[in-house]
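J.: One predicted model, sequence on top.
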Amino acid sequence: MQGLVNFTTAIGDGIAVLLPAFCYLAACGCFLFFVWTLWTWSEPHRRHHHHWQHPWVPWVSLILSGVFASFPQFLTMADVSAGTNLAVSLTSYAPTTPLNASNILGNAPTTTVINVVTLFQHFFQSFGAACVFWAIMRWRAIVNGRLDGRPSACGVQFLFGVLCINIVTVATGVVSFFQTGGQTSG
């Protein structure tokens, strides 16, 4: 079990290293797309431009350029809106030390589930941040007309990413929900 925990923590570290690079490249790409689109609209053959009938497309790219440039703050806002106080940091790198998997069993099955989720938390958080990033990239592609699809699917993927980032909170809530027999307080 310890080998699996070490492996998933290493994968999570890899995602945490690559994601900021992808974010900053996407920010530069969105900004260059915005500038290029506005420049080509000023040319005399404007009616032949791909986004001529969609004047909001370059402005969406400009806004997404800011979102990608400030992706850690964006993820922190998404986490706070999900009900947690988790602060996300993608700008500093410190290798993660895998947790010890020798004491995984708890005194109840619910405790064991929480222990397993805690062991793989770093992978889930990195994977969730990557899901949020790709949901935004897919939404931009749908808005630009490069992909077919519904923006609501991107919203589901975004929500899934936020839930993965908050995996311990979600698991604790699910376990407590089943411990109470599905009864909610209030």
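T.: That came in fine, so what should we check first? Numbers count the residues shown, from 1 in each chain.
J.: Let me see the confidence value for the residue nearest to Ile15 when sequence neighbours are not counted.
T.: Excluding its sequence neighbours, the residue lying closest to Ile15 (CB to CB, 6 or more residues apart in numbering) is Ser126, at 3.9 Å. For every residue, glycine as well, the C-beta is placed using N, CA and C. pLDDT recorded at Ser126 is 85.
J.: Tell me how many other residues crowd Ser126.
T.: Neighbourhood size, Ser126 [other CB atoms under 10 Å]: 25.
J.: Please apply the same query to Phe124.
T.: Quick note: Phe124 (other CB under 10 Å) scores 21 neighbours.
J.: Return the distance of it relative to Ala130.
T.: Separation of Phe124 from Ala130 (CB to CB, to the nearest Å) stands at 11 Å.
J.: For the two, list the residues in contact with both.
T.: Common neighbours of Phe124 and Ala130 (criterion: CB atoms under 8 Å, 6 or more residues apart in numbering): none identified.
J.: quick one on the thing from earlier: who does the helix or strand where the residue nearest to Ile15 lies touch, helix- and strand-wise?
T.: Using DSSP states H and E, Ser126 maps to helix 121-144. Secondary-structure packing of helix 121-144 (3 or more CB pairs under 8 Å, 6 or more residues apart in numbering; DSSP states H and E): helix 2-41, helix 57-69, helix 71-81, helix 151-165, helix 167-179.
J.: Quick check: which ranges of the protein have low pLDDT?
T.: For the chain, applying pLDDT under 70 flags the ranges 41-54, 74-96, 98-99, 101, 182-186.
J.: again, only using 50
T.: Applying pLDDT under 50 to the chain picks out residues 85.
J.: Return the distance of the closest residue to Asn103 other than its chain neighbours relative to Cys23.
T.: Nearest residue to Asn103 in three dimensions, chain neighbours excluded: Asn115, at 7.6 Å (CB to CB, 6+ apart). Using CB to CB, one gets 32 Å for the distance from Asn115 to Cys23.
J.: One more: Ile104?
T.: According to CB to CB, Ile104 and Cys23 sit 34 Å apart.
J.: Next: Val113.
T.: 32 Å.
J.: higher neighbour count, these two?
T.: Cys23 (23 against 16).
J.: Put the alpha carbons of stretch 105-123 into CSV.
T.: Output in CSV follows, covering the C-alpha atoms of stretch 105-123 (Å, rounded to 0.1, in the frame of the first residue of the first chain):
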residue,chain,number,x,y,z
LEU,A,105,-7.3,0.8,9.4
GLY,A,106,-9.5,2.6,11.8
ASN,A,107,-11.8,1.5,14.5
ALA,A,108,-14.7,1.7,12.1
PRO,A,109,-15.2,1.4,8.4
THR,A,110,-15.9,5.1,8.1
THR,A,111,-12.6,5.9,9.8
THR,A,112,-10.8,3.6,7.3
VAL,A,113,-12.5,5.4,4.4
ILE,A,114,-11.4,8.8,5.7
ASN,A,115,-7.8,7.5,6.3
VAL,A,116,-7.6,6.2,2.7
VAL,A,117,-8.9,9.4,1.3
THR,A,118,-6.4,11.4,3.4
LEU,A,119,-3.6,9.2,2.1
PHE,A,120,-4.4,10.0,-1.5
GLN,A,121,-5.4,13.7,-0.8
HIS,A,122,-2.5,15.2,-2.6
PHE,A,123,-3.2,13.3,-5.9
